[in-house]
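# sharing a sequence plus its predicted fold:
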Amino acid sequence: MPRFAANLSLMFNEVPFLDRFEAAARAGFDAVEFLFPYEHAPEDIGARLRASGLTQALFNLPPGDFAQGERGIAAFPERFDELKAGVDTALRYAEATGVGRLHLMAGLAPWDDPKAVESYRRAVTWTAERLAPAGLDLVLEPINGRNIPGYFLNDFGRAADLIRELALPNLKLQFDLYHCQILHGDVTVRLRDLMPIVGHVQTASVPERHEPGTGEVADFFLFDELDRLGYRGFVGCEYIPAADTVAGLGWLAAYKESAR
Ligand SMILES: O=C(O)C(=O)CO
């Protein structure tokens, strides 16, 4: 059975961020992920993880001004120095949390703008090489244009081509089953094809982005498929609970029961 990580940016919003670690552990998770830790000190995050006995599965590198609508800066050549400083910041949080992988958001830019393409390649290469000595993977995630209109990396094939072409040992794909279904469909075959380069997986129901098992996709089949494909990483639960987080965890109990 895959190892599920609660996404603390979307789940357990009933309590303040730092209290979500304990809430996730109490609900039966042994791993967590979140979008960004940067509003809190690294040592505070590390302390909450240790106190709750949780593993940090993933978080994102600094994305620019998220509150103002930015969704990454890797595609902007003029932001390269800021990106490099952000990587150093993230490394401090990586050390405090023991996380094994970081996600680099691309930004809002046309995918066929040669300047954005060049900037993105340079940022990805530089970041992966900077993370490697710390034993960290860098993951890239294609995101659908309904959730983030105008997002640069909005195609699984393009992401896979870039990862295969750069051939950096710690550069991998973040395969969000939800984004894949919305962008392309044919999720199982794509998983089979891309599994050699997958570094992290995320899940949510389609189309509402709620609890797995409540939408158009057979999510439990995909979880079983991850096992069949030998995936040993985490599956981040990046979904918006339909109501109360804990009350909505029936899907996890049901899946655990079916996987016995
Ligand atoms: O928006 C998403 O799906 C993300 O995972 C951003 O990191």
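Sure thing, it's come through.
# how close does the residue nearest to residue 225 when sequence neighbours are not counted get to residue 144?
Once flanking residues are discounted, residue 225 sits nearest to residue 188: 5.6 Å by CB to CB, 6 or more residues apart in numbering. (Each C-beta comes from the backbone N, C-alpha and C, glycine too.) According to CB to CB, to the nearest Å, residue 188 and residue 144 sit 18 Å apart.
# repeat for residue 42
Distance from residue 42 to residue 144, by CB to CB: 31 Å.
# what do you get for residue 22?
Distance from residue 22 to residue 144, by CB to CB: 32 Å.
# of these two, who's got more company?
More crowded of residue 22 and residue 144, by other CB atoms under 10 Å: residue 144, with 19 against 16.
# A strand includes the more buried one, no?
No - Residue 144 sits outside any strand when classified using DSSP: H, G, I helix; E, B strand; the rest coil, being coil.
# just give the nearest non-adjacent residue to it, would you?
residue 182 (4.1 Å).
# I figured that neighbour hits residue 143, correct?
No - using CB atoms under 8 Å, residue 182 is not in contact with residue 143, being 9.4 Å away.
# so between those two, which is more surrounded?
Taking neighbours as other CB under 10 Å, residue 182 and residue 143 compare with residue 143 leading, 22 against 17.
# could the C-alpha coordinates of stretch 190-208 be exported in PDB?
In PDB, the C-alpha atoms belonging to stretch 190-208 read as follows (Å, rounded to 0.1, in the frame of the first residue of the first chain):
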ATOM      1  CA  ARG A 190       1.000   7.600 -18.400                       C
ATOM      2  CA  LEU A 191       2.000   6.400 -14.900                       C
ATOM      3  CA  ARG A 192       3.400   3.100 -16.400                       C
ATOM      4  CA  ASP A 193       5.400   5.100 -19.000                       C
ATOM      5  CA  LEU A 194       6.700   7.700 -16.600                       C
ATOM      6  CA  MET A 195       7.300   5.600 -13.500                       C
ATOM      7  CA  PRO A 196      11.100   5.500 -14.000                       C
ATOM      8  CA  ILE A 197      11.300   9.300 -13.500                       C
ATOM      9  CA  VAL A 198       8.600   9.700 -10.900                       C
ATOM     10  CA  GLY A 199       9.900  11.200  -7.600                       C
ATOM     11  CA  HIS A 200       6.600  12.100  -5.900                       C
ATOM     12  CA  VAL A 201       2.900  11.400  -6.400                       C
ATOM     13  CA  GLN A 202      -0.100  13.400  -5.300                       C
ATOM     14  CA  THR A 203      -3.800  12.600  -5.300                       C
ATOM     15  CA  ALA A 204      -7.300  14.300  -5.200                       C
ATOM     16  CA  SER A 205     -10.700  13.500  -6.700                       C
ATOM     17  CA  VAL A 206     -11.500  14.900 -10.100                       C
ATOM     18  CA  PRO A 207     -13.100  17.300 -10.800                       C
ATOM     19  CA  GLU A 208     -13.800  18.800  -7.300                       C
END
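# quick one: that stretch to chain centroid distance?
10 Å (CA atoms, centre = their mean, to the nearest Å).
# got the residue ranges for the helices in the stretch 101-250 of the chain?
114-131, 156-166, 177-183, 187-194, 219-228, 250-258 (DSSP state H, counting those that start in this stretch).
# could you tell me which residues of the protein lie near the ligand?
In this structure, the chain approaches the ligand at residues 35, 60, 103, 105, 141, 143, 147, 176, 238, judged by CB under 6 Å from any ligand atom.
# quick check, nearest of the residues you listed to residue 251?
Here the nearest of these to residue 251, counting by CB to CB, is residue 238; it sits at 14.0 Å.
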